[in-house]
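Engineer: sequence unknown, structure follows:
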């Protein structure tokens, strides 16, 4: 991996169940940058996140996804994770019977131990020390990591759990798919605070959201608007505020985009 990892989406076209969802997406996210990707329901945001991480069910009909100039489209999701990519799900799933601490230790060793040698796996005590440091950083207490993964968690706890995973795995590029979805204001502030703690020169963030509200707490370097399967506008933080004021329909009218250009994304499994 290079010292400044770069994720590049180049003229990406993607179909799901015979329908074209992405129609030529171009986007570059570099380590150390925070990008916000906004757009209405069905515009292709979650499809883009899934394709980047190699989730099944998508047909790529054109374009490419590159990490440091090398295509990753033929790589399995675990190999993409080892290269430094991370995806936080919009709807994190429950994993009954598996404690958070055991789950995170297994994930850490799977991502960091690239040679597959068991002797290089981090010992339990050393991992516990590392995890305690990360827990303090993102505001997670001991009770949460002793519970089963996401079982009985509130919406805010699930998203904080995703933030803890991000802190522990230390990817170069992270895609956060609607991290603010379903959160009340207190949970939103807590999750945003964790994201801000992790932001810096070693992490590139692609923050996918419908709304401007999380951007009141996490300031992006770049904002992009996805409509009809394409990025139709890019700018700085002011673009999010402009979009909040005029709405997606206002921007659609301004750009002369017909409403039927957006097709709903089919529901994708979260596992």
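Structural biologist: Structure's in. What do you need? No experiment lies behind these values; they were computed from the predicted model shown.

Engineer: quick one: end-to-end distance for stretch 61-81.
Structural biologist: 23 Å (Cα to Cα, to the nearest Å).

Engineer: contact partners of it?
Structural biologist: If you take Cβ atoms under 8 Å, 6 or more residues apart in numbering as the criterion, stretch 61-81 is touched by 1-2, 5-15, 20, 24-25, 51-55, 60, 83-85, 110-111, 169, 171, 173. No exception for glycine: its C-beta is placed from N, CA and C like everyone else's.

Engineer: now stretch 186-194: how far from the chain's centre is it?
Structural biologist: Distance of stretch 186-194 from its chain centroid, counting by Cα atoms, centre = their mean, to the nearest Å, is 16 Å.

Engineer: buried residues, it. List them.
Structural biologist: 187, 188, 190, 191, 192, 193, 194 (16 or more other Cβ atoms under 10 Å).

Engineer: cool, and stretch 220-240?
Structural biologist: 220, 222-233, 237, 239-240.

Engineer: also stretch 9-17?
Structural biologist: 9, 12, 13, 14, 15, 16.

Engineer: got those residues as TSV, with secondary structure and distance to residue 137 columns?
Structural biologist: Converted to TSV, the buried residues of stretch 9-17 look like this (DSSP: H, G, I helix; E, B strand; the rest coil; distance: Cβ to Cβ, whole Å):
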residue	secondary structure	distance to residue 137
9	strand	29
12	strand	34
13	strand	39
14	strand	35
15	strand	40
16	strand	37
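
Engineer: closest to residue 215 among these?
Structural biologist: The shortest approach to residue 215 among those belongs to residue 9, at 21.0 Å (Cβ to Cβ).

Engineer: surely the closest one is in contact with residue 48?
Structural biologist: Yes: applying Cβ atoms under 8 Å as the test, residue 9 and residue 48 come out as touching, 7.2 Å apart.

Engineer: and the contacts of stretch 61-81, which of them are buried?
Structural biologist: Neighbour-count burial (16+ other Cβ under 10 Å) applied to the contacts of stretch 61-81 gives 5-9, 12-15, 20, 25, 51-55, 83-85, 111, 169, 171, 173.

Engineer: show me which helix runs longest in this structure.
Structural biologist: Of all the segments of type helix in the chain, defined by DSSP state H, the longest one is helix 237-255.

Engineer: may I see the buried residues of it?
Structural biologist: Across helix 237-255, burial judged by 16+ other Cβ under 10 Å covers 237, 239, 240, 242, 243, 248, 251, 252.
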